[in-house]
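Undergrad: got a predicted model here, sequence first, then my questions.
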Amino acid sequence: MHDRLDISMRANHVFFWILVIVALVFAAFASFSGDVFYLRLATEALILGGLALSIDILLGFTGLLSLGQALYFGIGAYVSALVLREEPSFWLAMGAAGVSVLLAGIAGGLIANRVRGVYFALITFGMAQVVAKVVYNSRELGASDGLIGIPVIEIPLGLITLSAGDPLGFFLLTLVIIALLYSVSAYLLGTPFGRIIIALKANEKRVPYLGYSTWAARMAAYVLAAVIAGLAGALYPMLRGFVSPELLFFATSGDALIMVIVGGAGTLAGAIWGAVILTMLKSVIGSWTEHHLIVIGLIFMSAILFMPKGIVGMLKPFVERNLLRNSARQPKPEPERTAL
Amino acid sequence: MPDLISYLQFVLAPQMLNGLALGVSVILVALGLTIIFGLLDVINMSHGEFYAVGAFGALALSALGFNYWVLIALVPILMIPIGVLTERFLIRRVYDGGDRHVSTLLLTFGLGMIAEDLLKIVFGPNTHRPENPLPGATEVLGVFIPTYRLFLIAIGAVVIVAVALVVYRTRLGAMVRAAAFDRNMAASLGVRVGWVYSGAFAFGVALAGLAGVLLAPIYSVFPTMGHDFILMAFTVVIVGGMGSIWGAVIAGVLLTQIQAISSLVISPVWADPIVFGVMVLVLMFRPQGIFGRIGHA
Amino acid sequence: MTDIMQVEGLCIAFGGLKAVDGVSFTAERNKITTVIGPNGAGKTTLFNLISGALKPSGGRVIIKGKDVTGKGPAALQEAGLARSFQITNLFFEMTVRENLRLAAQRLEPVRQALLPLRRHGRAADKVTALIERFGFAEKAHEIVAALSHGEQRRLEIAMCLASEPQVLMLDEPTQGMSHGDTEDTAQLIRSLTDEVTILLIEHDIGLVMSLSDHVVVMHQGRKLAEGIPAEVRADSAVQAAYFGHG
């Protein structure tokens, strides 16, 4: 027998693997048909999936609703863009973005973690809006136009070198990076550190009596989420060749939040599924009406009202039951339940 | 020395008066927000859209020939059923689903998206400039100030005082505050809590609509007009103490004056960060805001 | 040294009301010290002051010779103190095992906090032992919310023991329990004195008298009397203030 939390995480992995398989099948089809548009769109979906993942770590595990996670996504994207304009190096851009969001996450965490609940939601909202406005008004950062003309970079990956301009190659690279971010998150949530994070959501008041500082735990989760959002954001200018202040605006944070809720909060894989589903949906709806907000809004509200656990959250119990049955069938190393 | 006096008279004073007009506007928007939070524990993310609906409502009705002064009363009344229906059929359904703050916040966020797009469908994405009902300027201390701004400050003050009187001084207000303080106790005292909730939400929505009518002649009307105000309104609500009316008033005046005066010295771009900085400082040293909740004196 | 914990003149006031007013006592190693007193006497507030939930405005708390006054709950846990709550305070959506696992992971060095759970043998052994000892073998994978009240109260005690504290503070551990459960719990508490020093708040006077080594009586925030159960019972001031009112 395993802990429920372990079973739950393994069920998340099942959904993540399905996503990877779907992505690979899609990539195979797309490269056969010579498609560029949908490969690019799918890459963007995965990048946004990284942002959604970071929101889910906070909302689904730590119990913190961040309304401004796009702040770190945007900082990652801008730093990456600034580096790439000077020096078209993939690793340098990722490294610089990572360090920047780490510092920004600590600074933001020091402010936001002074408060709880709705105040936390509103202060994260405010922080992102203020930084977005400053960026929007800074000529050095391209003001409302953003930074354009990011060169297409060559990415040396040991044996092979990949071009960010190659839709298939960059899609696969993004898939690998998102898979890494997912794995690191899932791994950390399965450690004693992760259990404390989860305990914060379950009953924050009890945590100090386990011998842990709730502030430090919350801070760690917040910074982790910031770094994940920032690393995902760093990929954005490589894909699109530009960054704009919209990346920092509430619309971006809000969209990612919708992805998490629709996909299923507290499931990690659901966040990325939500990103894929929503991005595709937007593109499809966008082809027949410019009023995609109303459709997305309706889907979002229906999810909250009728499917609060999201798609993955709703399907997960079936997978969990299977996993439980399998693990029960395996020979037990220790006769734990002989007392019966 | 004459330089200083003329600086005060021709630069600082008008700026402060403009700041006051902005302050009253922000307070009008924040009033509904703070009442809904104070009484229902709901962060209404669609509040900015209700404000836009009020402004568009005024625009549409005045195109039908309604007089502007009638609209000031009519639009808020028309907003009431919208508020009641929203509370009864949407928000109420997620009160008890997990964390009420999160679920209601998300729901109203979705609602705001839909409302914004509906406005775009009905009225188009363009900016409308309604006719100013009080054109011209009035001389105040040797400086000409747009008459409508002066009117806005005056009527805003009246509305704020009236709302505060209703909430703090009437039997109705007492019932509502009782329901906010302790739902079960209020129910056992014969307060119909369900209707109090609907009524309080509708009241907040009507105030958003009223703000929309009053501010439309100054800030022009477009589907995303709520976005511009909502951050400031949230800041005011937090600094004032979530759910406190007097807190919102003081915070609204204070923050907009800080903004107005600081933009004389530094680029207005930095006014937002300064206002936000004040909010952070308040949260650090007085997380409950300057004043406490409505029901929790 | 047989004194493991000293409380000296602890005070706190809420808006002019002195909830705890200069309370001092000493808890002896591996003994059961019980705090009793009528409702509102300040017992739970005293517990909150000792366990770091509240900062005292005066007085000192000394554990194993170290002054820990005003330290937060996390630091006090480090100092070897664990407490349970009057109102059951657990991770209700987690299983019994997961709850105990959380409480036991303090046994492992902090630098291993980022290693997978299965690498933490000591904590896992502790959890297994506690599940056995507290009779949770059948329910180890049940969600805590699904347990009976008595089981939840028992789990509270098990949670406190998981970090191997030296001082265990139990706030009305038998609150709301049936008579049979209360008996079992009393026996359990008695059996714990081999490993820990116990500080107890308890309402059931019969239980207090049979279980305690030392009794501290509180009344209106002050210490009224202390001593072995028989002495306290005979004290006329205690009789007037406490037993007299039932």
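TA: Everything's here; your move. Numbering: from 1, shown residues only, chains lettered A, B, ... in the order given.
Undergrad: same for the longest helix seen in chain A, what does it pack against?
TA: Determined from DSSP state H, the single longest helix within chain A is helix A:4-33. Contacts defined by 3 or more Cβ pairs under 8 Å, 6 or more residues apart in numbering or on different chains; DSSP states H and E place helix A:4-33 against helix A:37-56, helix A:167-189, helix A:269-288, helix A:310-329. (C-beta placed from N, C-alpha, C; glycine too.)
Undergrad: any chance of those in a markdown table, with mean pLDDT, mean neighbour count and distance to B:Gly212 too?
TA: Below are the helices and strands packed on helix A:4-33 laid out as a markdown table (pLDDT from 0 to 100; neighbours: other Cβ atoms under 10 Å in any protein chain shown; distance: least, Cβ to Cβ, whole Å):
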| stretch | mean pLDDT | mean neighbour count | distance to B:Gly212 |
| --- | --- | --- | --- |
| helix A:37-56 | 95 | 25 | 31 |
| helix A:167-189 | 95 | 19 | 43 |
| helix A:269-288 | 92 | 21 | 29 |
| helix A:310-329 | 88 | 16 | 34 |
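Undergrad: now render those helices as JSON lines, adding distance to C:Ala234.
TA: Shown next, in JSON lines, are those (distance: least, Cβ to Cβ, whole Å):
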{"stretch": "helix A:37-56", "distance to C:Ala234": "63"}
{"stretch": "helix A:167-189", "distance to C:Ala234": "58"}
{"stretch": "helix A:269-288", "distance to C:Ala234": "66"}
{"stretch": "helix A:310-329", "distance to C:Ala234": "59"}
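Undergrad: out of these, nearest to B:Asn67?
TA: Closest of the helices and strands packed on helix A:4-33 to B:Asn67 is helix A:269-288, at 41.0 Å (criterion: Cβ to Cβ).
Undergrad: centre of the chain to the closest one, how far?
TA: Chain-centre distance of helix A:269-288: 14 Å, with Cα atoms, centre = their mean, to the nearest Å.
Undergrad: nearest to A:Gly142, of the helices and strands packed on helix A:4-33?
TA: Taking these one by one with Cβ to Cβ, helix A:37-56 is closest: 20.1 Å.
Undergrad: close to chain B, is the very next helix or strand once past that closest one?
TA: Once the chain leaves helix A:37-56, the next helix or strand it forms, by DSSP states H and E, is helix A:70-86. No: residues of helix A:70-86 are not located near chain B by Cβ under 8 Å from any Cβ of the partner chain, the shortest gap being 12.6 Å.
Undergrad: list the buried residues for helix A:70-86?
TA: For helix A:70-86, the neighbour count (16 or more other Cβ atoms under 10 Å in any protein chain shown) marks A:70-84 as buried.
Undergrad: the longest helix of chain A: how far from the chain's middle?
TA: Counting by Cα atoms, centre = their mean, helix A:4-33 comes out at 15 Å from the chain centroid.
Undergrad: can you check what angle separates that helix from helix A:310-329?
TA: On the basis of axes from the mean of the first three to the mean of the last three Cα atoms, to 10 degrees, helix A:4-33 is oriented at 120 degrees to helix A:310-329.
Undergrad: so can I have a markdown table of the helices and strands packed on helix A:4-33 showing distance to chain B?
TA: Below are these laid out as a markdown table (distance: least, Cβ to the nearest Cβ, whole Å):
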| stretch | distance to chain B |
| --- | --- |
| helix A:37-56 | 12 |
| helix A:167-189 | 20 |
| helix A:269-288 | 11 |
| helix A:310-329 | 12 |
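Undergrad: of those, which is nearest chain C?
TA: helix A:167-189 (6.9 Å; Cβ to the nearest Cβ).
Undergrad: average pLDDT across the helix or strand just after the closest one?
TA: Counting by DSSP H and E, the next helix or strand C-terminal to helix A:167-189 is helix A:192-203. What helix A:192-203 shows for mean pLDDT is 92.
Undergrad: can you tell me the SS state at whichever residue of chain C sits closest to chain B?
TA: Nearest residue of chain C to chain B, counting by Cβ to the nearest Cβ: C:Glu93, 10.9 Å away. State at C:Glu93, reduced to three classes by DSSP: H, G, I helix; E, B strand; the rest coil: coil.
Undergrad: who are the packing partners of the host helix or strand of B:Tyr148?
TA: According to DSSP H and E, B:Tyr148 maps onto helix B:147-169. With contacts defined as 3+ Cβ pairs under 8 Å, 6+ apart, helix B:147-169 has these neighbours: helix B:13-40, strand B:137-140, helix B:171-181, helix B:193-219, helix B:245-265.
Undergrad: now the strands for chain C?
TA: C:3-14, C:17-28, C:32-36, C:58-63, C:66-67, C:81-83, C:167-171, C:197-201, C:214-219, C:222-227 (DSSP state E).
Undergrad: point out where the chain drops to low pLDDT.
TA: Just so you know, I chose chain A. Filtered on pLDDT under 70, chain A yields the residue ranges A:1, A:330-340.
Undergrad: let me rephrase: I mean chain C.
TA: Those would be C:1-2, C:242-246, if you go by pLDDT under 70 across chain C.
Undergrad: so what are the domain limits for it?
TA: Dividing chain C into domains by automatic domain parsing, as the record does, gives the ranges C:1-80+C:165-246, C:88-163.
Undergrad: now those domains as TSV including mean neighbour count and distance to B:Ala187?
TA: Converted to TSV, the domains of chain C look like this (neighbours: other Cβ atoms under 10 Å in any protein chain shown; distance: least, Cβ to Cβ, whole Å):
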stretch	mean neighbour count	distance to B:Ala187
domain C:1-80+C:165-246	18	26
domain C:88-163	19	26
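Undergrad: A:Ile198 against A:Leu5, yeah?
TA: Yes: judged on Cβ atoms under 8 Å, A:Ile198 makes contact with A:Leu5 at a distance of 6.8 Å.
Undergrad: distance of A:Ala121 relative to chain B?
TA: 6 Å (Cβ to the nearest Cβ, to the nearest Å).
Undergrad: contacts only, for that residue.
TA: Listed by Cβ atoms under 8 Å, 6 or more residues apart in numbering or on different chains, the contact partners of A:Ala121 are A:Leu65, A:Ser66, A:Leu67, B:Ile43, B:His101, B:Val102, B:Leu105.
Undergrad: if you set the cut-off to 7 Å instead, what comes out?
TA: A:Leu65, A:Leu67, B:Leu105 (Cβ atoms under 7 Å, 6 or more residues apart in numbering or on different chains).
Undergrad: mind checking the helices and strands packed on helix B:147-169 for the one nearest to chain A?
TA: So among the helices and strands packed on helix B:147-169, helix B:13-40 is nearest, using Cβ to the nearest Cβ, at 7.9 Å.
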